[in-house]
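Participant: using only what follows, build the 3D model:
(chains A, B, C and D)
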Number of protein chains: 2
Amino acid sequence: MPMLSKDRLRGTLDVLILKTLTWGPRHGYAVARWLEETTGDTLTIEEGSLYPSLYRMEQRGWIESEWGTSELGRQAKFYKLTAAGRKQLRVETAEWQAFVDVVSRVLLPG
Amino acid sequence: MPMLSKDRLRGTLDVLILKTLTWGPRHGYAVARWLEETTGDTLTIEEGSLYPSLYRMEQRGWIESEWGTSELGRQAKFYKLTAAGRKQLRVETAEWQAFVDVVSRVLLPG
DNA sequence: CCCCGTACCTTGACAGTCTAGGCATCGACT
DNA sequence: AGTCGATGCCTAGACTGTCAAGGTACGGGG
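Facilitator: This next block holds a predicted model:
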């Protein structure tokens, strides 16, 4: 399978995280693990991208955080979607879809 | 239809240009016009992104340029794909496909 | 004469990703 | 006891490519 170049995630990391949180509150580390598992390690979520993204989205009011205890008994910051975050998810998903359709029309045969 | 956020093109502009050139040599301005027409103005190719991209790809040996005369009788720089460019197009198209599949699997219902 | 379209290019700001670190805790293994 | 890896959070700095906004030049039409 093709190796994905660096920076490919640009512009889609946020929406992926938002989507992950629709399954319920999760802490950052778990979000990254879940995304990597779900994509069969095709995507790797670097921590240097993950935590800034979570911070940005909390500033923007898309997610909220609360300290709690992880499944393994560690301190962990749990994030959950806000109403604004859910709306943002819808918007960005639609954008993603539209963008992919257009690019695919150019790139793919048919 | 959803307005596409800025910077969405990041990482895909190059491959879109390469694909455009498979229909034959074109000058930069024509590449941009063709992409915008083909996508029904969903994508707008900024000249500040277009020309640097063409420059980069020529440096990397993916395209070659030659000055000529446009359909309207103006001086214009015509670009054509090299063998390396054709290979690069295949690689990046496959990457794009893989990336879209993975992200869609996460984002879309089903 | 002036403006718009064509055609190319450059500069600077900016955002988001990456690499590469650091910190702390815990369990497992030596 | 000591070490190591995994868990869990964070930061600093480099980098890359996009954007906005400019500039140059030429030609045709009003």
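Participant: could you use CA atoms for every contact and neighbour count after this?
Facilitator: Fine.
Participant: wondering if stretch A:34-44 reaches chain B at all.
Facilitator: Yes - against chain B, stretch A:34-44 shows contacts by Cα under 8 Å from any Cα of the partner chain at A:38-39, A:42.
Participant: check stretch A:94-108 too.
Facilitator: Yes - when contact is scored as Cα under 8 Å from any Cα, part of stretch A:94-108 falls within range of chain B: A:94-95, A:98-100, A:102-103, A:105-107.
Participant: export that stretch to PDB, keeping only CA atoms.
Facilitator: Only the C-alpha atoms of stretch A:94-108 are listed here, as PDB (Å, rounded to 0.1, in the frame of the first residue of the first chain):
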ATOM      1  CA  ALA A  94     -19.600  18.400   3.700                       C
ATOM      2  CA  GLU A  95     -16.600  20.400   2.600                       C
ATOM      3  CA  TRP A  96     -14.400  17.400   2.600                       C
ATOM      4  CA  GLN A  97     -17.000  15.500   0.500                       C
ATOM      5  CA  ALA A  98     -17.300  18.300  -2.000                       C
ATOM      6  CA  PHE A  99     -13.600  18.700  -2.300                       C
ATOM      7  CA  VAL A 100     -12.900  15.000  -2.800                       C
ATOM      8  CA  ASP A 101     -15.600  14.700  -5.400                       C
ATOM      9  CA  VAL A 102     -14.100  17.600  -7.400                       C
ATOM     10  CA  VAL A 103     -10.500  16.300  -7.200                       C
ATOM     11  CA  SER A 104     -11.500  12.800  -8.000                       C
ATOM     12  CA  ARG A 105     -13.400  14.000 -11.000                       C
ATOM     13  CA  VAL A 106     -10.100  15.500 -12.300                       C
ATOM     14  CA  LEU A 107      -7.700  12.800 -11.200                       C
ATOM     15  CA  LEU A 108      -9.600   9.500 -11.800                       C
END
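Participant: what residues sit buried inside that stretch?
Facilitator: Within stretch A:94-108, the residues that count as buried by 16 or more other Cα atoms under 10 Å in any protein chain shown are A:94-100, A:102-104, A:106-107.
Participant: now do stretch A:39-56
Facilitator: Within stretch A:39-56, the residues that count as buried by 16+ other Cα under 10 Å are A:39, A:42-45, A:50, A:53-54.
Participant: ok, now stretch A:70-78?
Facilitator: For stretch A:70-78, using 16+ other Cα under 10 Å, the buried residues are A:76-78.
Participant: mind putting those residues into CSV with distance to A:Leu13 and secondary structure?
Facilitator: Shown next, in CSV, are the buried residues of stretch A:70-78 (distance: Cα to Cα, whole Å; DSSP: H, G, I helix; E, B strand; the rest coil):
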residue, distance to A:Leu13, secondary structure
A:Ala76, 21, strand
A:Lys77, 19, strand
A:Phe78, 18, strand
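Participant: out of those residues, who's nearest A:Leu89?
Facilitator: Closest approach to A:Leu89 among the buried residues of stretch A:70-78 (Cα to Cα): A:Phe78, at 18.4 Å.
Participant: isn't the closest one up against A:Ile63?
Facilitator: No - look at A:Phe78 against A:Ile63 with Cα atoms under 8 Å: they stay out of range, at 9.9 Å.
Participant: thinking again about what came up before, most widely separated two among the buried residues of stretch A:39-56?
Facilitator: A:Thr42 and A:Leu54 (21.0 Å).
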